[in-house]
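Undergrad: sequence below, structure please.
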Amino acid sequence: MQDVIFHLKRDGTSSIQAELRQQLVAGILGGQIPTGEPLPSSRLLAKRLSISRNTVSIVYQTLVDDGYLMSAERRGFFVNPEIRDGAMTMPSLDKGKAAPPSVNAPDWASMFRVLPSTQRNIDRPSDWQSYPYPFIYGQVDKDLFPIVEWRECSRQALGRKGLDAWAADSYNNDDPLLIEQIRTRLLPRRGIMADEDQILVTLGAQNALYLLSSLLIRPDVTVAMEEPGYQAARNAFLLKSNDVRPVPLDQDGLIVDDRLKDCGFVYVTPSHHYPSTVTMSLARRRALLDRASEDGFVIIEDDYESETNYLSEPIPALKSLDRDDRVIYVGSLSKSLFPGLRLGYMVGPRELVRETRALRRLMLHHPPNNNQRTAALFMALGYHDTLIKRLHKVYRERWQEMGEALEKHLPNASDVPSFGGTSYWVKGPRGLDAEILAEDALKQGVVIEPGHMTFGRSRPPKNFFRLAFSSIAAEKIEPGIRIISRLINQGA
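TA: Coordinates of the predicted model:
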């Protein structure tokens, strides 16, 4: 045991103390640390790892307290033999080799009813944060997030006083404080008035879209959506419907004409079209609502970026103009808080919310209570409003910086978003393949998102790409776009 080598990554994702504990626990439970031999002394292990002896001593003592180790006076620390009672002994395999497949294994390929893995989706490097120019959409700048305030809300949510609010299984109920914050703080900003039983908390907007697809859409039902449009919504619809109809848009948003006839549902992103950033005009919104009443279809309104309007007076949400209960509203906290939180919500008629809640219960019961309560406290204590103001100030600066850089290096390639938001939609020269551009740009530290997957047609244009600025510093925007411009000109 004295010769066992521990290696600490020290990548900043956890403290040295936590990482050492993790390594020791893994070695104990995995059987790599034997029970009959003492662990290295705190002095020796600290010297090997170039860390404080106190750190090692604290970790050893906590493992004793938790039953992983036993302390023997003047002999040192030993693995508690009882800690592995009941653990299975796994058969040994050659290192790096998996067990050979059984001849009686199921033919899984023939059993799949659908193949979601074959659908088109955004593909970005998992380590995008390590690149100097990450024009990545939907991610946060960690320097802007109020981690101290979030930690305080988390501390309150996880305290003993709040134990009843998050520790129990709520079955199909949501955190009442979060529902109240959504109902009284978020929805009124969009002109929406709703009761508690008209709101459902979801694991992000995507969860809401999948629930609605599963509950409402049949193979023979036509779903219309903007072209181009949000590919993850299209993919969810395609799993349920045989006809997802692409409908073009103009400077006022989705074109309302006979292409919407015979549709059961129409999916739109009116406040800030995904991905072109066009805002649907008030007149077009009313025309869409009138057409919904005439033709009998239901509108799914995805207000995914409602909190990032810092350039103009907000146009009321479609849901706020709806008088016939034909609009289902989907919102998200991903853009104003952080996408890893996975919290969203939907607003609709009571009977729809009731059935969607029952369906959600079959999938996951409810989103994690501790996350719901932490987010609710973050709003209730005013931290969310403060964060929005900070984001508006920074995003406006970056919006202006990107607009000027595009005009300088890629003139006439994009329209300036009038809403604000966090991205520009760029149309490259005819003949440009944005996938190849993205590969070449990545080699120079620039991460961009090709836009072809946002089109529903079988042969989408390849010369579109999106540049987002939520996770890139203002001073990095112009140099990054300069690199993109040079690559485009080299391939011209």
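Undergrad: centroid residue for the chain?
TA: Geometric centre of the chain, nearest residue: Pro339, 3.5 Å, by Cα atoms, centre = their mean.
Undergrad: which residues does the nearest residue to Val221 once chain neighbours are set aside contact?
TA: Spatial nearest neighbour of Val221, excluding adjacent residues (Cβ to Cβ, 6 or more residues apart in numbering): Gly264 at 4.0 Å. Just so you know, the C-beta spots here come from the backbone N, C-alpha and C atoms, and that holds for glycine as well. Remark: with contacts taken as Cβ atoms under 8 Å, 6 or more residues apart in numbering, Gly264 is in contact with Leu216, Ile217, Val221, Thr222, Val223, Phe297, Val298.
Undergrad: dump these to a markdown table, plus pLDDT, distance to Gly456 and neighbour count.
TA: Converted to a markdown table, the contacts of Gly264 look like this (pLDDT from 0 to 100; distance: Cβ to Cβ, whole Å; neighbours: other Cβ atoms under 10 Å):
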| residue | pLDDT | distance to Gly456 | neighbour count |
| --- | --- | --- | --- |
| Leu216 | 97 | 20 | 19 |
| Ile217 | 97 | 16 | 20 |
| Val221 | 97 | 16 | 18 |
| Thr222 | 97 | 13 | 19 |
| Val223 | 98 | 10 | 26 |
| Phe297 | 97 | 18 | 21 |
| Val298 | 98 | 19 | 21 |
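Undergrad: tell me what the helix or strand containing Val59 is packed against?
TA: Here Val59, judged by DSSP states H and E, is contained in helix 53-65. Under the contact criterion of 3 or more Cβ pairs under 8 Å, 6 or more residues apart in numbering; DSSP states H and E, helix 53-65 touches helix 16-29, helix 42-49, strand 69-72, strand 76-79.
Undergrad: now do stretch 113-120: everything it contacts.
TA: Outside stretch 113-120, the residues that reach it (Cβ under 8 Å, 6+ apart) are Gln231, Asn235, Leu238, Leu239, His452, Met453.
Undergrad: any idea how far Ala473 is from Asp141?
TA: 7 Å (Cβ to Cβ, to the nearest Å).
Undergrad: and the helices in the stretch 251-400 of the chain?
TA: Remark: helices assigned in the stretch 251-400 of the chain by DSSP state H, counting those that start in this stretch are 282-295, 318-321, 350-364, 369-380, 383-409.
Undergrad: buried deepest among those, which one?
TA: When you average the neighbours per residue for each of the helices of the stretch 251-400 of the chain (mean count of other Cβ atoms under 10 Å), helix 369-380 leads with a mean of 23.
Undergrad: can you list contacts of that helix?
TA: Contacts of helix 369-380 (Cβ under 8 Å, 6+ apart): 149-150, 153-154, 156-158, 162, 165-168, 170, 174-175, 177-178, 180-181, 185-186, 201, 333, 337, 341-343, 366, 384-385.
Undergrad: show the average pLDDT along that helix.
TA: The predicted model assigns helix 369-380 a mean pLDDT of 93.
Undergrad: okay if I get the helices and strands packed on helix 53-65 as CSV plus mean pLDDT?
TA: Listed next are the helices and strands packed on helix 53-65 as CSV, based on pLDDT from 0 to 100:
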stretch, mean pLDDT
helix 16-29, 88
helix 42-49, 88
strand 69-72, 90
strand 76-79, 90
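Undergrad: the helices in the stretch 51-200 of the chain, which residues?
TA: Going by DSSP H, counting those that start in this stretch, the stretch 51-200 of the chain shows helices at 53-65, 108-111, 147-157, 163-166, 176-181, 187-189.
Undergrad: so what touches the fourth one?
TA: Just to be clear, that refers to helix 163-166. Ala157, Leu158, Asp175, Leu177, Pro368, Asn369, Asn370, Gln372, Arg373.
Undergrad: ok, 7 Å please
TA: With contacts defined as Cβ atoms under 7 Å, 6 or more residues apart in numbering, helix 163-166 is touched by Ala157, Asp175, Asn369, Asn370, Arg373.
Undergrad: repeat that for the shortest one.
TA: For helix 187-189, contacts defined as Cβ under 7 Å, 6+ apart pick out Ala194, Val347.
Undergrad: what of the fifth one?
TA: Contacting residues not belonging to helix 176-181 are listed as Glu196, Ile199, Val201, Gln372, Arg373, Ala375, Ala376, Met379, Ala380 [Cβ under 7 Å, 6+ apart].
Undergrad: buried ones in the top strand by length along the chain?
TA: Longest strand in the chain by number of residues, with DSSP state E as the criterion: strand 243-250. Buried residues in strand 243-250, defined by neighbour count with 16 or more other Cβ atoms under 10 Å: Val244, Arg245, Pro246, Val247, Leu249.
Undergrad: what's the average pLDDT for stretch 277-287?
TA: On average, stretch 277-287 scores 94.
Undergrad: span of it from start to end?
TA: Stretch 277-287 has its terminal residues 20 Å apart, counting by Cα to Cα, to the nearest Å.
Undergrad: rewinding a little: now do the helix holding Val59 and helix 16-29, the angle between them.
TA: If you take axes from the mean of the first three to the mean of the last three Cα atoms, to 10 degrees, helix 53-65 sits at 40 degrees to helix 16-29.
Undergrad: taking their axis directions, helix 53-65 and helix 42-49 sit at what angle?
TA: Going by the same axes, to 10 degrees, helix 53-65 makes 120 degrees with helix 42-49.
Undergrad: rounded mean pLDDT for helix 53-65, please.
TA: pLDDT averaged over helix 53-65 gives 93.
Undergrad: name the residues of that helix that are buried.
TA: Result for helix 53-65 [16+ other Cβ under 10 Å]: buried residues Thr55, Val56, Ser57, Val59, Tyr60, Leu63.
Undergrad: how far does it sit from its chain's centre?
TA: 37 Å (Cα atoms, centre = their mean, to the nearest Å).
Undergrad: now do that helix: everything it contacts.
TA: 16-17, 20-21, 24, 42-43, 45-46, 69-71, 77.
Undergrad: are any of these buried, and which?
TA: So, by 16+ other Cβ under 10 Å, the buried ones in the contacts of helix 53-65 are Gln17, Leu20, Arg21, Leu24, Ser42, Leu45, Ala46, Leu69, Met70, Phe77.
Undergrad: which of the residues you listed sits closest to Leu8?
TA: Leu20 (6.5 Å; Cβ to Cβ).
Undergrad: excluding chain neighbours, what is closest to the closest one?
TA: Closest to Leu20 by Cβ to Cβ, 6+ apart is Val59, at 5.0 Å.
Undergrad: give me the neighbour count for the nearest residue to Thr454 once chain neighbours are set aside.
TA: Closest residue to Thr454 apart from its sequence neighbours, by Cβ to Cβ, 6+ apart: Pro228 at 3.9 Å. By other Cβ atoms under 10 Å, the residues close to Pro228 number 25.
Undergrad: correct me if wrong: Pro228 contacts Met453.
TA: No: counting by Cβ atoms under 7 Å, Pro228 sits too far from Met453 to count as a contact (8.9 Å).
Undergrad: looking at the helices and strands packed on helix 53-65, which is closest to Asp303?
TA: Comparing those by Cβ to Cβ, helix 16-29 comes nearest, at 38.6 Å.
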